[in-house]
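K.L.:
just coords:
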């Protein structure tokens with residue numbers, strides 16, 4: 001392979017300097033030494049970044065020149081020219097200079113069929129254990145394929161063309177799966193890049209669920225194999241101490257791989273998140289914080305935030321927010337503030353959305369609040385961080401989120417005190433300490449103050465309700481609100497309703513001027529920030545579950561003794577609905593009342609909230 005002497009190579013170097021046209025002509029005519037020289041130097045020499053040089057590479061990758069592969073048989077100059085041409089294209093792409101070449105897209109589009117055929121040829125040869133070529137050279141050959149594929153599919157036009165090519169997903173999947181072994185085998189001859197990971201990112205960036213499933217199939221059909229590999233490569237890099245050379249570059253590549261594999265909502269995305277991807281990406285943010293003066297660390301940090309923004313509202317949305325905050329996302333955000341002015345408008349917008357929209361919308365979850373407040377207090381205790389916040393264009397968004405978190409913390413404190421104090425009888429509505437009630441042995445949800453009330457309630461209503469309540473209780477899935485989150489949300493709902501009573505009365509008068517307030521329910525939409533408020537007629541309320549029907553029925557039958565409050569909260573890419581029935585009339589509360597309204601917790605606090613048809617239905621009375 002590349003059978004020429006150092007003397008010949010040095011002669012070619014001199015000729016390229018003194019008579020470049022002659023050197024290019026020799027490369028066009030099939031001289032291996034000149035072609036290798038162009039592959040090695042074109043990416044560093046602007047005078048060689050021309051359409052002619054690119055066409056030379058593409059000529060040697062013509063589909064008509066691809067031989068039939070046979071074990072043990074060599075194809076000499078054809079292979080040398082083609083492999084050098086692949087390396088040349090890869091180097092041009094790696095140095096981000098392909099787009100400086102006039103007309104480069106049409107040239108590459110026309111050449112793609114041949115380029116791809118040569119890639120498959122070399123992949124077959126390099127995987128042949130009986131090949132006379134050394135294992136090290138074959139491993140380097142695999143890196144060259146990956147590098148060229150990365151360079152080509154970084155261009156949108158080529159990526160679309162490549163993804164439509166039969167067998168392309170299989171090729172990139174195998175290169176990526178074997179990347180670690182390939183680097184070890186290539187030893188000192190390795191290109192030093194994570195070329196296959198780079199290529200996976202650029203090639204499959206727009207892949208759909210079917211193409212990602214194909215990737216998994218090639219990996220043996222086990223989603224956890226692909227997920228574990230993608231996450232483990234990042235985790236293993238983070239665990240290296242001291243950080244290896246090009247640490248930020250490697251983190252950048254592995255984060256981008258995760259970005260690509262999770263862009264499409266599908267089973268692979270869920271499996272990767274289940275493997276703790278958010279935890280390790282957030283930890284990467286904090287490892288990169290001290291390296292932000294380096295361009296690679298800056299890009300890697302942006303990639304980390306991009307990944308978090310893409311997936312934080314997927315699968316277990318509130319849990320994702322908790323994981324990110326618990327592992328230092330807010331501190332990393334403040335660390336990055338001094339560099340945010342260097343970002344383009346789009347990047348600034350998605351970072352502002354993270355801190356000024358996503359986090360506030362999840363401050364309806366008690367489990368999020370109890371993590372956000374300590375994290376912000378830690379930041380406030382650092383004078384450097386305080387100074388960075390004050391000087392940041394994100395200051396206002398940060399301070400508004402901080403203020404909201406503090407307000408919700410105060411509601412949490414009140415909720416913690418009140419949640420276990422009292423409940424009410426399902427039959428006579430008498431309020432007592434929860435410890436004084438007896439629980440239905442069937443559904444384990446409904447509470448009664450006495451045996452007499454239990455018998456009466458069973459005969460008059462509960463007998464037909466008990467089974468459905470039990471079915472609702474047992475259908476709780478991974479998206480249901482946690483017990484403490486649900487209890488807090490119900491308290492927050494009544495708190496916000498009383499706090500904004502003046503606005504709610506204004507809306508009621510505008511929308512339903514002739515309707516009694518006792519016939520109206522209140523809607524609080526926490527899925528928007530700032531929160532929005534509305535009212536609705538109880539008799540036109542659309543009921544999704546039997547729990548809805550019972551709660552609405554109680555609100556109507558109560559003739560003003562209770563107020564129904566519906567809440568809408570963010571639950572990933574969709575929203576969840578919950579209802580709470582106040583223990584007294586919110587509408588009759590004085591304007592000067594404390595912004596805390598008693599409500600009756602669900603009889604079985606740990607058992608009741610379920611998600612049905614994307615909606616939370618929690619019955620309280």
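P.N.:
Here it is on my side, so go on. Owing to the predicted nature of the structure, the values given are computational and were not obtained by experimental measurement.

K.L.:
burial of residue 287, as a residue count?
P.N.:
As a burial measure, residue 287 scores 19 neighbours (other C-beta atoms under 10 Å). Just so you know, the C-beta spots here come from the backbone N, C-alpha and C atoms, and that holds for glycine as well.

K.L.:
give the contact list for it.
P.N.:
Shown in contact with residue 287 (C-beta atoms under 8 Å, 6 or more residues apart in numbering): 238, 243, 251.

K.L.:
Can you list phi and psi of the closest residue to the second one other than its chain neighbours for me?
P.N.:
Here the nearest residue to residue 243 in space, its sequence neighbours aside, is residue 287; by C-beta to C-beta, 6 or more residues apart in numbering that works out to 7.5 Å. Reported as degrees, to the nearest 10, the phi and psi values for residue 287 are phi -70, psi -30.

K.L.:
picking up where we left off before, sort the contacts of residue 287 by pLDDT and name the bottom one.
P.N.:
Ranked by pLDDT, these bottom out at residue 243 (85).

K.L.:
Can you classify that one as helix, strand or coil?
P.N.:
Three-state call for residue 243 (DSSP: H, G, I helix; E, B strand; the rest coil): coil.

K.L.:
try residue 580
P.N.:
Secondary structure assignment for residue 580 (three-state DSSP): strand.

K.L.:
Just give the closest residue to it, not the sequence neighbours.
P.N.:
Leaving out its chain neighbours, the residue that sits closest to residue 580 by C-beta to C-beta, 6+ apart is residue 490, at 4.3 Å.

K.L.:
separation between the one you found and residue 359?
P.N.:
Per C-beta to C-beta, to the nearest Å, residue 490 is found 22 Å from residue 359.

K.L.:
So which of the contacts of residue 287 is surrounded by the most neighbours?
P.N.:
In terms of neighbour count, residue 251 stands highest of the contacts of residue 287 at 29 neighbours, by other C-beta under 10 Å.

K.L.:
Return the distance of that one relative to residue 498.
P.N.:
Residue 251 is 49 Å from residue 498, by C-beta to C-beta.

K.L.:
Roughly how far does residue 80 sit from residue 65?
P.N.:
12 Å.

K.L.:
For the two, work out which one has more neighbours and name it.
P.N.:
Between residue 80 and residue 65, residue 80 has the larger neighbour count (other C-beta under 10 Å), namely 21 against 17.

K.L.:
Not counting sequence-adjacent ones, nearest residue to that one?
P.N.:
Excluding the flanking residues, the one nearest residue 80 by C-beta to C-beta, 6+ apart is residue 32, at 4.7 Å.

K.L.:
ditto for residue 105
P.N.:
Taking C-beta to C-beta, 6+ apart, and ignoring the residues beside it in sequence, residue 105 has residue 157 as its nearest neighbour in space, at 5.3 Å.

K.L.:
in what helix or strand does that neighbour lie?
P.N.:
helix 156-163 (DSSP states H and E).

K.L.:
what's next to that helix, contact-wise?
P.N.:
Residues from elsewhere that reach helix 156-163 (C-beta under 8 Å, 6+ apart): 105, 108-109, 112, 116, 149, 152-153, 168-169, 202-207, 211.

K.L.:
Among those residues, the buried ones, what's the ChimeraX command?
P.N.:
Buried members of the contacts of helix 156-163, defined by 16 or more other C-beta atoms under 10 Å, are picked up in ChimeraX with:
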select :108,112,116,149,152,153,168,169,202,203,204,205,207,211
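
K.L.:
Strands - which of the contacts of helix 156-163 land there?
P.N.:
Counting by DSSP state E, no part of those is found in strands.

K.L.:
Which of the contacts of helix 156-163 fall in helices?
P.N.:
Among the contacts of helix 156-163, the residues falling in helices (DSSP state H) are 105, 108-109, 112, 116, 149, 152-153, 168-169, 202-203, 211.

K.L.:
Tell me if I'm right that the residue nearest to residue 580 and residue 581 touch.
P.N.:
No: using C-beta atoms under 8 Å, residue 490 is not in contact with residue 581; the gap is 9.2 Å.

K.L.:
neighbour-wise, which of these two wins?
P.N.:
Set side by side, residue 490 and residue 581 show more neighbours around residue 490, with 28 against 25, by other C-beta under 10 Å.

K.L.:
Tell me the helix or strand right after whatever helix or strand the more buried one lives in.
P.N.:
According to DSSP H and E, residue 490 maps onto helix 483-499. Per DSSP H and E, the first helix or strand lying C-terminal to helix 483-499 is helix 501-511.

K.L.:
buried ones in stretch 257-267?
P.N.:
Quick answer for stretch 257-267 (16+ other C-beta under 10 Å): 257-264, 266.

K.L.:
Out of those, flag the one nearest to residue 415.
P.N.:
For the buried residues of stretch 257-267, the closest approach to residue 415 (C-beta to C-beta) belongs to residue 262, at 34.7 Å.

K.L.:
which residues sit in contact with that closest one?
P.N.:
Residue 262 touches 268-269, 272-273, 277, 307, 310-311, 314, counting by C-beta under 8 Å, 6+ apart.

K.L.:
From those residues, which one has the minimum pLDDT?
P.N.:
Within those, residue 314 has the lowest pLDDT, namely 90.

K.L.:
still on that earlier bit, whichever of the contacts of residue 262 end up buried, select them in PyMOL.
P.N.:
Selection of buried members from these for PyMOL, criterion 16+ other C-beta under 10 Å:
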select buried, resi 268+269+272+273+277+307+311+314
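
K.L.:
Redo the contacts of residue 262 as JSON lines? Include distance to residue 510 and secondary structure.
P.N.:
As requested, the contacts of residue 262 are exported to JSON lines (distance: C-beta to C-beta, whole Å; DSSP: H, G, I helix; E, B strand; the rest coil):
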{"residue": "268", "distance to residue 510": "49", "secondary structure": "helix"}
{"residue": "269", "distance to residue 510": "44", "secondary structure": "helix"}
{"residue": "272", "distance to residue 510": "48", "secondary structure": "helix"}
{"residue": "273", "distance to residue 510": "44", "secondary structure": "helix"}
{"residue": "277", "distance to residue 510": "47", "secondary structure": "helix"}
{"residue": "307", "distance to residue 510": "44", "secondary structure": "helix"}
{"residue": "310", "distance to residue 510": "40", "secondary structure": "helix"}
{"residue": "311", "distance to residue 510": "40", "secondary structure": "helix"}
{"residue": "314", "distance to residue 510": "38", "secondary structure": "coil"}
